[in-house]
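S.K.: no FASTA, just this:
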């Protein structure tokens with residue numbers, strides 16, 4: 001702008017100097033519809049420059065209101081941007097009310113009103129004001145109608161965090177009406193079913209989440225395990241339904257210990273003891289799991305001798321596994337091998353003292369008529385919840401020596 005003005009001034013000065021100094025200034029004649037204008041070339045140049053400046057001045061004056069408006073808008077946007085920055089800083093520092101106020105003050109003039117209102121909604125929720133939260137979310141929709149789904153997803157996320165599960169479901173359904181396969185909506189819906197322990201709807205949703213959702217594989221597997229295991233827990237009397245349900249379990253999860261545990265427990269309730277025993281053994285071969293080991297020790301199998309033999313074979317490989325020692329003790333109790341059972345219980349307690357093993361030992365002592373030892377074991381088990389690990393270890397160390405055990 002300054003360079004152009006300088007050039008124009010130079011041309012005007014040059015034209016004026018040429019008119020005054022040069023002996024022959026040139027001649028220009030303009031004939032337009034009978035009107036004749038005669039002048040020198042420098043004067044013509046000067047007139048053209050003056051005409052150009054006049055036109056530019058008129059255009060500038062004509063555009064002045066718009067330019068002033070744009071300048072005013074830029075100033076408001078800069079001010080709104082500064083307030084938004086200060087608002088985010090206030091939120092980060094825990095000054096929620098101040099941050100919310102700064103974010104919403106002038107948000108309409110901000111370059112990112114949607115972000116301002118969404119952040120203000122989160123701040124309002126953190127202050128426990130649902131009504132104000134929803135008001136800011138509504139303002140976000142008004143400011144950015146094209147971002148309705150994003151606002152609804154934010155609303156559903158906040159409602160989930162606040163325990164408003166019915167409202168969150170309504171928000172997510174509104175998104176899925178337009179986009180049934182929306183990845184974030186599916187993720188939040190899966191989280192909703194998991195929080196509400198709605199296992200059947202979650203299981204039905206899992207294939208869609210695997211195709212479209214943005215859920216991490218680890219979390220997706222956790223949801224799958226929770227859904228299938230809890231659904232199997234409701235089929236304790238229907239073997240056919242249990243098998244149909246098991247056929248729907250993804251193959252890569254069929255050796256997951258928690259699912260095997262749920263299936264084995266359901267099989268036991270349905271009378272499939274041998275099938276449960278085989279399922280447990282297959283899973284333990286690839287993935288040793290304490291809960292499965294404990295259940296294996298409680299199985300009322302048809303061949304007790306083979307059952308005990310298998311447990312003792314595992315003990316040769318894992319002689320200091322407390323869960324396996326507990327399972328061995330329980331199996332010996334069923335075979336009425338009292339001394340051997342006591343030996344296994346005490347060995348388990350020496351490695352890790354837990355109430356469950358004390359209870360098993362107390363029941364054994366009561367069964368063989370050692371009331372005092374039984375009472376002592378029960379008392380130690382009951383006190384486990386309030387004693388320190390050091391105290392537990394000391395209690396385990398006071399158990400009778402192996403030499404005093406009863407003969408099997």
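M.R.: That came through fine. Treat the numbers as computed from the prediction; the structure is a model and nothing was measured. Numbers count the residues shown, from 1 in each chain.
S.K.: what residues are up against residue 84?
M.R.: Residue 84 is in contact with 102-103, 107, 110, 112, 115-116, counting by CB atoms under 8 Å, 6 or more residues apart in numbering. (C-beta placed from N, C-alpha, C; glycine too.)
S.K.: now those residues in JSON lines, with neighbour count?
M.R.: Formatted as JSON lines, the contacts of residue 84 follow (neighbours: other CB atoms under 10 Å):
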{"residue": "102", "neighbour count": "25"}
{"residue": "103", "neighbour count": "30"}
{"residue": "107", "neighbour count": "24"}
{"residue": "110", "neighbour count": "22"}
{"residue": "112", "neighbour count": "15"}
{"residue": "115", "neighbour count": "17"}
{"residue": "116", "neighbour count": "29"}
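S.K.: List the ones among the residues you listed that fall in helices.
M.R.: Per DSSP state H, helices hold the following members of these: 102-103, 115-116.
S.K.: Could you export those residues as JSON lines, including distance to residue 267?
M.R.: Shown next, in JSON lines, are the ones in helices among the contacts of residue 84 (distance: CB to CB, whole Å):
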{"residue": "102", "distance to residue 267": "61"}
{"residue": "103", "distance to residue 267": "57"}
{"residue": "115", "distance to residue 267": "54"}
{"residue": "116", "distance to residue 267": "57"}
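S.K.: among the contacts of residue 84, which one has the lowest pLDDT?
M.R.: In terms of pLDDT, the lowest of the contacts of residue 84 is residue 107, showing 68.
S.K.: For the closest residue to residue 205 other than its chain neighbours, identify the helix or strand it belongs to.
M.R.: Nearest residue to residue 205, sequence neighbours excluded (CB to CB, 6 or more residues apart in numbering): residue 190, at 5.8 Å. Taking DSSP states H and E as the definition, residue 190 sits inside helix 183-195.
S.K.: Outside of that helix itself, list whatever touches it.
M.R.: So helix 183-195 is contacted by 153, 156-157, 160, 165, 168-169, 172, 175-176, 179, 198-199, 201-202, 205-206, 208-209, 212-215, 223, 226-227 (CB under 8 Å, 6+ apart).
S.K.: what is the rounded mean pLDDT of it?
M.R.: 94.
S.K.: Kindly report the same for stretch 209-216.
M.R.: Stretch 209-216 comes out at a mean pLDDT of 85.
S.K.: Between the two ends of that stretch, how far is it?
M.R.: 10 Å (CA to CA, to the nearest Å).
S.K.: Ok, stretch 267-281 next?
M.R.: 14 Å.
S.K.: what is the mean pLDDT for that stretch?
M.R.: Stretch 267-281 comes out at a mean pLDDT of 90.
S.K.: got it, and stretch 154-173?
M.R.: 94.
S.K.: Give me the contact list for it.
M.R.: 118, 121-122, 125, 130, 133-134, 137, 152-153, 175, 185, 188-189, 191-192, 195-196.
S.K.: again, 6 Å this time
M.R.: 118, 125, 137, 152, 185, 188-189, 192, 196 (CB atoms under 6 Å, 6 or more residues apart in numbering).
S.K.: Could you look up the SS state of residue 319?
M.R.: Judged by DSSP: H, G, I helix; E, B strand; the rest coil, the three-state class of residue 319 is coil.
S.K.: meant to ask about residue 128, not that
M.R.: Using three-state DSSP, the structure places residue 128 in coil.
S.K.: what number of residues lie near it?
M.R.: 9 (other CB atoms under 10 Å).
S.K.: and it, what pLDDT?
M.R.: Reported pLDDT for residue 128: 90.
S.K.: Now the buried members of the contacts of helix 183-195.
M.R.: Among the contacts of helix 183-195, the ones that count as buried by 16 or more other CB atoms under 10 Å are 153, 156-157, 160, 168-169, 172, 175-176, 198-199, 202, 205-206, 209, 212-213, 215, 223, 226-227.
S.K.: List the contacts of residue 291.
M.R.: Taking CB under 6 Å, 6+ apart as the test, what residue 291 contacts is residue 261.
S.K.: From residue 92, how far out is it?
M.R.: Noted for residue 291: a distance of 43 Å to residue 92, by CB to CB, to the nearest Å.
S.K.: Would you mind giving the orientation angle of the following helix or strand past the helix holding residue 190 with respect to helix 183-195?
M.R.: Using DSSP H and E, the next helix or strand after helix 183-195 towards the C-terminus is helix 199-212. Going by axes from the mean of the first three to the mean of the last three CA atoms, to 10 degrees, helix 199-212 is angled at 160 degrees with respect to helix 183-195.
S.K.: Report the buried residues of the helix or strand following helix 199-212.
M.R.: For helix 199-212, the following helix or strand on the C-terminal side (DSSP H and E) is helix 217-232. The neighbour-count check on helix 217-232 (16+ other CB under 10 Å) flags 220-221, 223-232 as buried.
S.K.: Contacts made by the following helix or strand past helix 217-232 with the rest, please.
M.R.: As assigned by DSSP H and E, the chain's next helix or strand after helix 217-232 is helix 239-248. For helix 239-248, the external contacting residues (CB under 6 Å, 6+ apart) are 235, 266, 270.
S.K.: switch to 7 Å and redo it
M.R.: 231-232, 235, 263, 266, 270, 272 (CB atoms under 7 Å, 6 or more residues apart in numbering).
S.K.: and that helix with helix 199-212, angle?
M.R.: Using the same axes, to 10 degrees: helix 239-248 against helix 199-212 is 20 degrees.
S.K.: Now do the helices in the stretch 301-408 of the chain.
M.R.: Taking DSSP state H, counting those that start in this stretch as the criterion, the stretch 301-408 of the chain contains helices spanning 304-317, 322-334, 338-351, 355-367, 371-383, 389-397.
S.K.: And the average pLDDT for the second one is what?
M.R.: Read that as helix 322-334. The model assigns helix 322-334 a mean pLDDT of 92.
S.K.: Now, of the contacts of stretch 154-173, which are buried?
M.R.: Counted by 16+ other CB under 10 Å, these give 118, 125, 137, 152, 185, 188-189, 192 as buried.
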